[in-house]
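In: Based on what follows, work out the 3D shape:
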Amino acid sequence: MLIPSKHERLEKNLLVIGGDILSILKKRRIWNIEELFQNLKEIKSINLNQYYNSITFLWLSDIIRVDKHNISLKQKNDT
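Out: This next block holds a predicted model:
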């Protein structure tokens, strides 16, 4: 769920996981989709569904770019 409820663990929220993904992408510009998931899973112990929901949210918000099997932050001058 996008908006956290009082019954949800905040660290498992879509927005929080999305923020964690952005933090990782700022350290290393381009990641393989699978490598990024494995890295994040070790840190946050999330499942694949939560990961893909967060990636989809970031992509729909036009924050990240997905090219084949790679994910990267969108640059300000990207269209």
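In: my guess is Asp62 meets Lys74, correct?
Out: Yes - counting by C-beta atoms under 8 Å, Lys74 is a contact partner of Asp62 at 6.4 Å. Every residue, glycine included, has its C-beta placed from N, CA and C.
In: Neighbour count for these two, which is higher?
Out: Lys74 (15 against 10; other C-beta atoms under 10 Å).
In: and the nearest residue to the more buried one once chain neighbours are set aside, what is it in contact with?
Out: Nearest residue to Lys74, sequence neighbours excluded (C-beta to C-beta, 6 or more residues apart in numbering): Arg65, at 5.1 Å. For Arg65, the contact set (C-beta atoms under 8 Å, 6 or more residues apart in numbering) comprises 59, 71-74, 78.
In: Please tell me I have it right and Tyr51 contacts Ile43.
Out: No - using C-beta under 8 Å, Tyr51 makes no contact with Ile43, being 11.7 Å away.
In: With neighbour numbers in mind, choose between these two.
Out: More crowded of Tyr51 and Ile43, by other C-beta under 10 Å: Tyr51, with 19 against 10.
In: just the contacts of Arg65 now: which is nearest Gly18?
Out: Set against Gly18, the nearest of the contacts of Arg65 by C-beta to C-beta is Trp59 (10.3 Å).
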